[in-house]
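Q: Got a predicted model here, sequence first, then my questions.
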Amino acid sequence: MKSYTKYLWFNTKKRREIIHLTNDVEQAVMESGIKEGFVLVSAMHITAGVIVNDNESGLHEDIFEWLEKLAPYGPPYKHHMTGEDNGDAHLKSILVHHEVILPVTEGKLDLGPWQRVFYLEFDGRRNKRLIIKILGE
């Protein structure tokens with residue numbers, strides 16, 4: 001079995017952003033030379049997440065609005081007693097998860113017709129890292 005690792009760095013302009021990663025993941029799969037296997041795409045921070053969904057701006061707004069209802073910014077979370085103000089970002093990350101595992105078939109990322117890969121940032125404006133790890137033959 002072979003493995004390939006690639007890191008991506010982000011420093012978002014806003015606290016909350018969505019970044020389309022599909023092309024980056026496809027590029028990493030091509031670079032890996034792996035024909036059959038899996039790719040792990042994982043946010044390496046506890047205030048971010050990775051999802052697979054449609055690349056449609058209205059849906060992206062819906063996702064952020066839904067998450068805001070479940071974990072609103074600003075309430076006095078106990079986490080804020082540490083001097084932080086990002087309690088909501090930690091909870092949002094739990095809701096969307098921090099990683100996805102995707103199939104690689106015949107040397108290509110094997111997604112459904114509307115599936116795309118996204119990094120969701122909930123506490124941005126500083127350096128954040130993501131790992132793409134590909135395993136297979």
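A: Now that the structure is in, tell me what you want to look at.

Q: tell me the secondary structure for the residue nearest the centre of the chain?
A: The C-alpha lying nearest the average C-alpha coordinate of the chain belongs to residue 50 (Cα atoms, centre = their mean; 2.2 Å). Under DSSP: H, G, I helix; E, B strand; the rest coil, residue 50 falls in the strand class.

Q: Provide a list of residues in contact with it.
A: Contact analysis of residue 50 by Cβ atoms under 8 Å, 6 or more residues apart in numbering lists 21, 41-43, 96-100, 117-120, 130. Using the backbone N, CA and C atoms, a C-beta is placed for each residue, glycine as well.

Q: if we go to 6 Å?
A: Neighbour list for residue 50: 41, 43, 99-100, 119 [criterion: Cβ atoms under 6 Å, 6 or more residues apart in numbering].

Q: Helices of the protein, residue ranges please.
A: 22-32, 57-70, 87-96 (DSSP state H).

Q: Return the member of the contacts of residue 50 nearest to residue 75.
A: Within these, distances to residue 75 taken as Cβ to Cβ reach their minimum at residue 43, with 23.5 Å.

Q: Could you double-check that that closest one lies in contact with residue 130?
A: Yes. Counting by Cβ atoms under 6 Å, residue 43 does reach residue 130; the two are 5.5 Å apart.

Q: bridging residues for residue 109?
A: Using DSSP bridges, the beta-bridge partners of residue 109 come out as residue 104.

Q: Tell me which residues touch it, please.
A: Applying Cβ under 6 Å, 6+ apart to residue 109 gives the contacts 25-26, 29.

Q: Adding distance to residue 82, neighbour count and pLDDT as columns, could you present these in CSV?
A: Output for the contacts of residue 109, formatted as CSV (distance: Cβ to Cβ, whole Å; neighbours: other Cβ atoms under 10 Å; pLDDT from 0 to 100):
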residue, distance to residue 82, neighbour count, pLDDT
25, 34, 24, 98
26, 39, 15, 98
29, 39, 24, 98
